[in-house]
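In: The sequence and its predicted three-dimensional model are supplied below.
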Amino acid sequence: MRDKKESPRVGVYICHCGGNISDHVDVEELRARVERLPGVYVARDNTFMCSDPGQELILKDLQEGKVDRVVVASCSPRLHELTFRNVLTRAGVNPYLYEHANIREQVSWVHHGEEATRKAFSLIAAATEKAKLLKPIEPVRIEALPHATVIGGGIAGMRAALDLAHQGIQVALIEKTPFLGGRVAMLDRLAPTGEPASELILKLASAIATHPLVSVYLCSLVVEFGGHVGNFFITLESNPPSDVELSEDLIKLPLSSCPTFVQGRGAFIGRIPKAPSKEKIKTGAVVLATGFKPYTPFKGEYGYGEFPEVITLPDLIEAIRTGGEGPTLVVSGRQITSMAIIHCVGSRQIPGIHDDHGRGYLNEYCSRVCCTASLYAASRIQERYPKTAVFDIYRDIRTYGLLEEVYQSAATNKVVFFRFEPEEPPVVERSEDGSTPLVVRVRDTLTLGEEVLIPVDLVVLAVGMEPNDIEDLVNLMKLPVGSDRFLLEVHPKLRPVEIRTEGIFLAGTCQAPMDAGESCNAASAAASKAAVLLGKGYVELDPFVAEVDPEKCQGTGACLEACLKKGAIELVEEMREGKVVRRAQVVPALCLGCGACVAVCPTGAIQVKGATLAQYEAMVDAIVSSDAA
C-alpha cells in the first residue's frame, strides 16, 4: 500500500442534514468507519455541513494543512456543490480538489437502518478514492463580447433589453411583428392597480426607441444560431410586413413622433424593414422572451364554436376596452345583461377526465393569472355596467399575494360565485324558454351539490396560457422544454432564469404562466445574470471538458462521430516527423463533458478532466471492496 505520508490528505465531512440523513444513517458509526479508510486524514460530522459552522470545519482543516482534498457527504450536489467548492477557494486551495457523495437522495431517502449506513459508506469510500486521484485544474476562460441579444419584444423583452442597456451593454432586440408590447398590448388595464396597459408599453417602448445602446429589429426571425457563451452568432431574416393593418399613414409617421400606440397591437416605432434582408449578429449572451398564446377552446368545449354567445376572456377584455358609455355592455351587437365566467378552460386538465382531442398532451398546469384576470374583468363590468349580473363559476380561486384584493373587490361588487368539481364541469346549453340565449347547468359544491341553472346572455371562457409555438427556435438553439412545453430552467429556486446552455437566459412567460409584474421581474433577473456574465469581459466555465493526449491520438475520427455537440471536437492536421497527420482537438467552450468521445476512442487518447477512467476505476474498486468488507 502506498505510504500514507505521500498520499493526498483527504478530509471527509458527513452531514446530518438536520435529521434527513441521520434519522436513517448511523452517522457516528459511519464516521468511525470512514476514518479508517486509507488516505483519510480527517473525518468529521455536523448537523448542517452547509451552515457557517459546518463550512468553518472544512476551512480550518484546509488552512492548517491537515487535508488537501475534500469529500462532503450530504444532499444532492445540485444544491451545495458550489458552496463547498467556494470553501476551498477561500482556503486558497484549488476548488476542483473536491468530490461530493450524495447520501441523502441516494441513501437516506430510499434506504433505512444498516442497509442505509452500508450504502453511505460505499459511496463515501468511492468518493474518497476518486478524491485521491484528483489533480488541480483551472476553469476554462473565454473572451465575452459586451453585447446581448433579446428575442421577443413584449414587456419582458423590453424590460430585459433596457436593464442590459442601463448596464452599458449593447443590445439587439428582435421582434417578429411590426409592434412592441406583445400580449399586454391587447389588454385594457392591469390588475390590481388599474394602470392602462398602453401607458406601460409606451413608457418601455419610448425608452427602447431612444436608448443609444439598443438596436431594434422588427419583422425579424432567427434563422441561424451557433457559437458559444461569450461569442454566439445569430443570423436574422427580416421582411417587410404584409400586415394590412399597417396603414400608409402609420408607416409614413416620422420617427420623431414615435412610438405610437396602436390599440390591440402594441407600440409602433417606425423601424420596419423596407426589403427582405439577412444580417449576422455576434453576441455574448441571449435572453429568450418569446411569450405565450391564449388557449383556444375546441369546438363544442362549453359550447365554444357552436353558440356565438360563447367567447373567451381575451374577447371579453377587448369588448370592455372598446365598449362605449352606454348602460349595458355590447358584445357583437348584442346587449349583455347577464354573463357567466367559467374558469380553468385549458388549464389544470386531468388525464382520464379531459380529452386531448388528438393533440397528444393536456395542460395539467395552472395558468395562475386567469383567476385574477377574470375577477378583475367581472369587477370592471359591475362598476361600468352595474345592472349586469355576473356569475363566476370556478374550481378554485387563485388570486395569490397582493392580488387577493381583486377577489375581495369582485365579491364586494356582487359577483355571484359557484364552485364545481372537475369530474362534473358546467354544461352550456340553449335556453328552452328563450328568456336568455343560453343557460349554464352546474352542480354547485357551495350549496352541497345542488344543481343550479343560470340563464345568461353571454358565457365567457377564462382560457389559460400556452407557450408560443417556437419549435424552430427550440430545434435551432437546442433549448430544453419541460413536460408543460414551456422552456425549462436549470432549477426553479437556485437557477430560475438559466438553462443548461451557458449564456442563454429565460424571461417572462416563455418559461411559465406569469402576470405582467412577474414577467418584468423575471426579465430583470435574466438581464442581471447576463450583465454579470458579460461584465468582466471574459467568462469562466467549469473545466470538466475533454482533453486529448496528442501522443496517443491516431486521428481516427471516432470521437468526432460520437460527439453530441456540433463543433466541440475538430480534426486538425499537423506535422509529425516530416509527415502530415490528423489529431483530434477539443474546443473547450463547446464541450459538454459528457464523455461520449472517451467511450469510443480506440487508443484511450481522450479523457474528461476531473472524471478520468482511472478515477472511475478506483471508485468501482472501492465499492466492490466496501461491499465485501
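Out: Good, I have the coordinates.
In: Touching stretch 162-172 from outside, list them.
Out: Contacts to stretch 162-172, defined as CB atoms under 8 Å, 6 or more residues apart in numbering, come from residues 146-150, 161, 204, 207-208, 211, 213-215, 217, 234, 281, 283, 287, 523-524, 527-528, 530-531, 534-535. Using the backbone N, CA and C atoms, a C-beta is placed for each residue, glycine as well.
In: so how far is it from its chain's centroid?
Out: 21 Å (CA atoms, centre = their mean, to the nearest Å).
In: Only alpha carbons, please: show it as CSV.
Out: Extracted C-alpha coordinates of stretch 162-172, given in CSV (Å, rounded to 0.1, in the frame of the first residue of the first chain):
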residue,chain,number,x,y,z
LEU,A,162,-33.4,48.2,-21.1
ASP,A,163,-31.9,46.7,-18.0
LEU,A,164,-29.0,45.4,-20.0
ALA,A,165,-28.5,48.7,-21.8
HIS,A,166,-28.5,50.5,-18.4
GLN,A,167,-25.5,48.3,-17.5
GLY,A,168,-23.6,49.7,-20.5
ILE,A,169,-24.1,46.5,-22.7
GLN,A,170,-25.1,46.8,-26.3
VAL,A,171,-28.4,45.1,-27.0
ALA,A,172,-30.2,43.7,-30.1
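In: ok, so what distance separates the most centrally placed residue in the chain from His100?
Out: Geometric centre of the chain, nearest residue: Glu489, 3.0 Å, by CA atoms, centre = their mean. Distance, Glu489 to His100, using CB to CB, to the nearest Å: 22 Å.
In: that older thread, list the contacts for the residue nearest to the centre of the chain?
Out: By CB under 8 Å, 6+ apart, the neighbours of Glu489 are Arg495, Pro496, Val497, Glu498, Ile499, Leu506, Gln511.
In: Show me how to select, in ChimeraX, the buried members of those residues.
Out: Buried members of those, defined by 16 or more other CB atoms under 10 Å, are picked up in ChimeraX with:
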select :496,497,498,499,506,511
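In: Go through the contacts of Glu489 and name the one nearest Glu561.
Out: Distance to Glu561, by CB to CB, is smallest for Ile499 among those, at 26.5 Å.
In: my read: that closest one touches His491, true?
Out: No - using CB atoms under 8 Å, Ile499 makes no contact with His491, being 10.6 Å away.
In: what comes into contact with the helix or strand hosting Ala73?
Out: With secondary structure defined by DSSP states H and E, Ala73 is part of strand 69-74. With CB under 8 Å, 6+ apart as the test, strand 69-74 has contacts from 8-15, 17, 21, 49-50, 58, 62, 80, 84, 87-88, 97-104, 120, 123-124, 127-128, 131-132, 134.
In: helix or strand right after it?
Out: Next helix or strand after strand 69-74 toward the C-terminus (DSSP H and E): helix 77-90.
In: all helices for the stretch 201-350 of the chain, in order.
Out: Here the stretch 201-350 of the chain has its helices, by DSSP state H, counting those that start in this stretch, at 248-251, 313-322.
In: list the buried ones in the last one?
Out: In this case it means helix 313-322. Going by 16+ other CB under 10 Å, helix 313-322 has these buried residues: Leu313, Pro314, Asp315, Leu316, Ile317, Glu318, Ala319, Ile320, Arg321.
In: Out of the residues you listed, which is nearest to Ser367?
Out: Nearest member of the buried residues of helix 313-322 to Ser367, counting by CB to CB, is Leu313, at 10.7 Å.
In: In this structure the closest one contacts Gly464, no?
Out: No - if you go by CB under 8 Å, Leu313 and Gly464 don't touch, sitting 9.6 Å apart.
In: Common neighbours of the two, please.
Out: Pro294, Cys370.
In: Please enumerate the strands of the stretch 201-350 of the chain.
Out: Secondary structure of the stretch 201-350 of the chain (DSSP state E, counting those that start in this stretch): strands at 214-217, 220-228, 231-238, 260-262, 266-268, 277-283, 285-288, 292-294, 310-312, 329-331, 334-336, 338-345.
In: Nearest to Leu473, out of those?
Out: strand 220-228 (6.2 Å).
In: Please name the strands paired to the closest one in the sheet, noting orientation.
Out: Strand 220-228 sits in its sheet next to strand 231-238 (antiparallel), going by DSSP bridges.
In: Now do the partner strand against strand 277-283, angle only.
Out: Here the directions of strand 231-238 and strand 277-283 differ by 160 degrees (axes from the mean of the first three to the mean of the last three CA atoms, to 10 degrees).
In: So which bits of strand 231-238 are buried?
Out: Buried residues in strand 231-238 (16+ other CB under 10 Å): Asn231, Phe232, Ile234, Leu236, Ser238.
In: and the residue nearest to the first one when sequence neighbours are not counted, what element?
Out: So that's Asn231. Nearest non-adjacent residue to Asn231, counting by CB to CB, 6 or more residues apart in numbering: Leu145, 6.0 Å away. Using DSSP H and E, Leu145 sits in no helix or strand.
In: On the pLDDT front, check Leu145 for me.
Out: pLDDT, Leu145: 97.
In: now it: how far from Gly226?
Out: 14 Å.
In: the more surrounded of those two?
Out: Neighbour totals were compared for Leu145 and Gly226, and Leu145 leads with 17 against 14 (other CB atoms under 10 Å).
In: who's in contact with the more buried one?
Out: Gly230, Asn231, Lys282, Thr283, Gly284, Leu534.
In: Which phi and psi values does the nearest residue to the fourth one once chain neighbours are set aside adopt?
Out: Right, Thr283. Leaving aside its chain neighbours, Thr283 sits nearest to Thr149 (4.3 Å; criterion: CB to CB, 6+ apart). Dihedral pair for Thr149: phi -120, psi 130, per degrees, to the nearest 10.
In: what's near enough to touch Thr149?
Out: Val171, Ala172, Ile174, Phe232, Ile234, Ile281, Thr283, Ala285, Val286, Val287.
In: Any idea what it is bridged to?
Out: Beta-bridge partners, per DSSP bridges, of Thr149: Ala172, Val286.
In: can you pull the pLDDT of it?
Out: 98.
In: likewise Val481?
Out: For Val481, pLDDT reads 97.
In: Is it correct that it is in contact with Arg500?
Out: No - Val481 is beyond contact range of Arg500, at 11.7 Å (criterion: CB under 8 Å).
In: Can you tell me how far the closest residue to Ala389 other than its chain neighbours is from Phe84?
Out: With CB to CB, 6+ apart as the criterion, Ala389 has its nearest non-adjacent residue at 4.2 Å, and that residue is Ser338. Going from Ser338 to Phe84 by CB to CB gives 63 Å.
In: The two: who's more crowded?
Out: Phe84 (24 against 16).
In: Now for that one: which residues touch it?
Out: Contacts of Phe84 by CB under 8 Å, 6+ apart are Met49, Cys50, Gln55, Ile58, Val70, Val72, Tyr98, His100.
In: one more time with 7 Å
Out: Listed by CB atoms under 7 Å, 6 or more residues apart in numbering, the contact set of Phe84 reads Val70, Val72, Tyr98.
In: So which of those residues wins on neighbours?
Out: Val72 leads those on contacts (other CB under 10 Å) with 30 neighbours.
In: how close does it sit to Val12?
Out: From Val72 to Val12 the distance is 8 Å (CB to CB).
In: cool, Asp484 as well?
Out: Asp484 is 41 Å from Val12, by CB to CB.
In: higher neighbour count, the two?
Out: More crowded of Asp484 and Val12, by other CB under 10 Å: Val12, with 29 against 17.
In: wait, that one sits on Arg36?
Out: No - contact criterion CB atoms under 7 Å: Val12 and Arg36 do not qualify, at 11.1 Å.
In: excluding its backbone neighbours, what's nearest Val459?
Out: Closest to Val459 by CB to CB, 6+ apart is Val310, at 4.6 Å.
In: Many thanks, have a good one.
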